[in-house]
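[1] test case, fold it:
(one chain, ligands or ions: 1)
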Amino acid sequence: MVTGRPLLQGHRARWVLAVVLGALASACAVALMAVSAWLISRAAQHPPVLYLMVAVVGVRAFGIGRGVLRYLERLVSHDVAFRLLARLRQRLVAGLADLAPTGLPLWRRGDLLSRLVSDVDDIGDRFLRVWLPVAGAAVVGAAAVLLLGSLLPTAGIGLAVALLVAAVLVPLLDDRRTARAERAVVRARSQRAERVGLLLEETTDLVLRGEYDDRIADLDRIERDAVGAQRASARSAGLSAGIAVLAMGGAVLVSVIAGTAAVTTGDLAPVLLAVLVLTPLALVETVQAVGTAAAAARRTAAAGDRVREVLEAGEAAAAELPTGDLPESRPDGPVIELAGVAARWPGADRDAVSGIDLVLRPGERVLVTGESGSGKSTLIAVLLGFLQITAGRMTVDGHDAADIDPEQWRTLFGWCEQQAHLFDTSVLENVRLARPTAGDDEVRRALDGAGLAGWIDGLPAGAATMVGEHGAAVSGGERQRLSVARALLADRPLLLADEPTAHLDRATADAVTGVLLDGGPRRAVLLVSHRPEDGELVDRVLHLDHGRMVHPVPTG
Ligand SMILES: Nc1ncnc2c1ncn2[C@@H]1O[C@H](COP(=O)(O)OP(=O)(O)OP(=O)(O)O)[C@@H](O)[C@H]1O
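    Now for the predicted structure:
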């Protein structure tokens with residue numbers, strides 16, 4: 001559950017310090033007002049200046065203390081909040097990694113981004129804008145009530161009632177409206193992130209299909225909803241703030257009436273009248289913060305629910321993952337076997353592959369062919385452990401994959417994909433991702449192996465050249481070879497290549513296929529390809545038709 005308690009673990013002392021500092025800063029503001037009031041009243045009686053010195057020092061100390069303590073409170077509380085947010089994001093990303101890739105379509109990409117960024121930020125606000133002001137207001141409010149009550153009980157009661165109205169009653173009465181408005185704010189924000197993401201991804205298609213303007217109009221509608229929701233939320237907050245001022249005004253009035261009467265009857269020293277009257281005014285800001293805290297509490301609750309969904313899905317996925325170790329590796333490399341394997345994508349009503357029997361021995365090269373949609377990529381997803389098998393058995397050296405920790409299982413495989421993702425960093429670092437501990441020399445050898453030496457020599461900064469956002473500065477063939485370089489650097493016992501030459505010219509495709517298949521005696525290679533000529537380069541061909549293996553392999 002995304003609540004403060006588990007998140008706060010290890011940070012409680014800092015958190016208490018932030019609350020104490022915040023309360024002291026608010027207390028300084030109230031004390032400043034009270035002491036100033038006393039000082040002005042007393043000074044009006046022209047006493048010897050010595051009588052006033054303590055109060056003068058007090059005014060200075062409280063004035064400086066208010067600013068310094070508030071600064072320190074901000075420093076400590078934001079430090080705690082950022083630590084908590086980092087911890088929460090780590091947990092979310094770890095959960096998503098357990099869900100990926102088949103579980104990720106549970107949420108649209110923009111929606112997921114909004115949960116990871118804005119919703120998590122809102123949860124940070126729970127500490128900064130909900131608990132902190134409420135804790136501070138509770139401490140300072142109680143102290144002010146005690147102070148006024150000790151001077152004149154009626155004034156204390158008046159202040160207590162005003163505080164209850166402004167900080168408890170109004171937020172409670174307004175709760176349903178606030179909750180609705182804040183839920184709408186969070187929903188509109190997520191829709192906006194989702195639609196903007198889609199719009200950016202599909203701009204070219206939308207323009208060509210003439211649907212771009214409709215999408216912009218749709219976005220405008222969402223934006224109007226978002227603004228409407230924010231207005232409703234601001235109206236609520238404004239109302240609470242206004243009532244807080246009125247309530248404190250009421251407390252001032254009670255103090256004036258009761259205080260004047262008490263001074264007349266001699267029950268109260270005249271110099272204390274100003275203290276009674278001005279102290280409630282110093283509390284206005286503190287009480288208003290409680291009003292906005294109520295709205296923030298509602299928003300963070302809505303955001304918390306959305307983050308919790310992702311966390312719980314991740315935790316559920318993690319709980320189901322096996323934890324066994326890979327068996328001791330054999331000197332000549334592992335043997336991977338699939339016997340009668342079937343697998344189904346989430347939400348599908350039939351298996352995407354079934355009855356798959358396949359043995360991959362060290363050094364073997366197997367070509368997988370089949371029409372589009374016949375299940376070739378699904379077979380790779382099964383091998384990589386991304387897709388649960390629904391029937392049959394997959395083993396490594398006789399040990400069931402279903403018992404092995406998926407992270408360990410995946411260390412068996414190198415993967416050369418169709419559209420390798422490139423990050424906005426250098427060529428070198430993009431390849432090093434495959435084995436982060438690899439030295440520059442090893443990365444360069446992998447680049448050479450993938451036939452990229454000539455290309456790199458021609459780059460302005462060699463292998464240190466940046467590839468641009470999403471690899472914008474890299475051609476399709478170069479991207480493909482970078483993917484090959486990654487697979488070579490990873491140097492895993494089994495190399496899976498899913499149509500690695502799909503977008504390449506014949507000569508480049510021949511070269512890339514050659515490099516991939518030349519894995520040596522220990523590395524098995526499973527190549528998915530539509531090129532008939534690749535059949536000549538491998539030991540075996542596995543042909544798929546509607547998810548099932550076909551024997552004999554059709555020719556031509
Ligand atoms: N991520 C996915 N989620 C749901 N269904 C999927 C997913 N990927 C593939 N499928 C379904 O599984 C079946 C096999 O698809 P697969 O991508 O494995 O075929 P393929 O042989 O690799 O096709 P292509 O040559 O076009 O890449 C298809 O019916 C497809 O719709």
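[2] count the neighbours of L116 for me.
    The criterion is other Cβ atoms under 10 Å. On that basis, L116 has 18 neighbouring residues. Quick note: C-beta positions are derived from backbone N, CA and C, even for glycine.
[3] mind checking how far it is from the ligand?
    According to Cβ to the nearest ligand atom, to the nearest Å, L116 and the ligand sit 21 Å apart.
[4] let's verify that residue: helix, strand, or coil?
    Three states are possible here, and by DSSP: H, G, I helix; E, B strand; the rest coil the one that applies to L116 is helix.
[5] surely it touches R91?
    No: shown here, L116 and R91 do not form a contact pair, counting by Cβ atoms under 8 Å, at 11.1 Å.
[6] which stretches in the protein count as strands?
    Counting by DSSP state E, the chain has strands at residues 336-343, 353-360, 365-370, 389-396, 399-400, 413-416, 494-498, 524-528, 540-545, 548-550.
[7] okay, the angle between the fourth one and strand 494-498?
    When you say that, I think you mean strand 389-396. Strand 389-396 and strand 494-498 are oriented at 140 degrees to each other (axes from the mean of the first three to the mean of the last three Cα atoms, to 10 degrees).
[8] show me what counts as buried in strand 389-396.
    Residues of strand 389-396 classed as buried: I389, G392, M394, T395, V396 (neighbour count, 16 or more other Cβ atoms under 10 Å).
[9] same check, this time on the third one
    Of the residues in strand 365-370, those with enough neighbours to count as buried (16+ other Cβ under 10 Å) are R365, V366, L367, V368, T369, G370.
[10] ok, so of these, who is nearest T300?
    Distance to T300 across the buried residues of strand 365-370 (Cβ to Cβ) is lowest for V368, with 49.6 Å.
[11] got the contact list for that closest one?
    Contacts were defined as Cβ atoms under 8 Å, 6 or more residues apart in numbering; by that measure V368 touches K376, L379, L526, L527, V528, S529, V541, L542, H543, L544.
[12] shaky segments in the stretch 451-556 of the chain?
    Screening the stretch 451-556 of the chain residue by residue with the criterion pLDDT under 70, one finds the ranges 470-472, 552-556.
[13] sorry, slip of the keys, the one I care about is the chain.
    Within the chain, the segments meeting pLDDT under 70 span 1-6, 102-106, 470-472, 552-556.
[14] can you list the domains in it?
    Following the assignment in automatic domain parsing, the chain carries domains at 8-316, 336-550.
[15] and the ones you listed as CSV, adding distance to E328?
    Output for the domains of the chain, formatted as CSV (distance: least, Cβ to Cβ, whole Å):
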stretch, distance to E328
domain 8-316, 26
domain 336-550, 8
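[16] wait, which of the strands of the chain is closest to the ligand?
    Put simply, out of the strands of the chain the one that sits nearest the ligand is strand 365-370, at 5.3 Å, with distance taken as Cβ to the nearest ligand atom.
[17] can the closest one be found next to the ligand?
    Yes: using Cβ under 6 Å from any ligand atom as the criterion, contacts between strand 365-370 and the ligand involve G370.
[18] related to what we said a few turns ago, who wins for neighbours among the contacts of V368?
    L379 (28 neighbours).
[19] my guess is S354 contacts S374. True?
    No: with contacts counted by Cβ under 8 Å, S354 stays clear of S374, the gap being 11.9 Å.
[20] could you measure from the nearest residue to Q230 once chain neighbours are set aside over to G124?
    Take Q230 and drop its neighbours on the chain: the residue closest to it by Cβ to Cβ, 6 or more residues apart in numbering is V185, 5.8 Å away. Look at V185 and G124: by Cβ to Cβ, to the nearest Å, they are 16 Å apart.
[21] show me what contacts the spatially most central residue of the chain?
    For the chain, the residue lying nearest the average C-alpha position, counting by Cα atoms, centre = their mean, turns out to be L116 (2.4 Å). Counting by Cβ under 8 Å, 6+ apart, L116 touches R89, L92, V93, V310.
[22] and V474, what does it touch?
    By Cβ under 8 Å, 6+ apart, the residues touching V474 are L422, V467, G468, L482.
[23] ok, and the most crowded of these?
    Neighbour counts for the contacts of V474 were taken using other Cβ under 10 Å; the highest belongs to L482, which has 25 neighbours.
[24] quick check: that one touching A446?
    No: if you go by Cβ under 8 Å, L482 and A446 don't touch, sitting 9.6 Å apart.
[25] now do the shared contacts for these two.
    Looking at what touches both L482 and A446 (by Cβ under 8 Å, 6+ apart), the common residues are V431.
[26] list the contacts for the residue nearest to Q230?
    Under the criterion of Cβ under 8 Å, 6+ apart, the contact partners of V185 comprise A226, A229, Q230, S233, R299, A302.
[27] give the contact list for the last one.
    Looking back up the chat, that one is A302. Under the criterion of Cβ under 8 Å, 6+ apart, the contact list for A302 reads D122, A179, E182, R183, V185, V186, R187.
[28] rewinding a little: who touches both of S354 and S374?
    Jointly contacting S354 and S374 under the rule Cβ under 8 Å, 6+ apart are G547.
[29] spatially, which two of the contacts of V474 are the most separated?
    The distance between the two most remote of the contacts of V474 (Cβ to Cβ) is 12.9 Å, for G468 and L482.
[30] the closest residue in space to R126 that isn't next to it in sequence: how many residues sit nearby?
    Excluding its sequence neighbours, the residue lying closest to R126 (Cβ to Cβ, 6+ apart) is T300, at 4.0 Å. When neighbours are counted by other Cβ under 10 Å, T300 registers 27.
[31] pretty sure T300 contacts F127?
    No: contact status for T300 versus F127: not in contact, 9.0 Å apart, counting by Cβ under 8 Å.
[32] need the contact partners of stretch 243-255.
    With contact meaning Cβ under 8 Å, 6+ apart, stretch 243-255 is reached by 148, 152, 154-155, 157-159, 161-163, 165-167, 170, 276-277, 279-281, 283-284, 287-288, 290-291.
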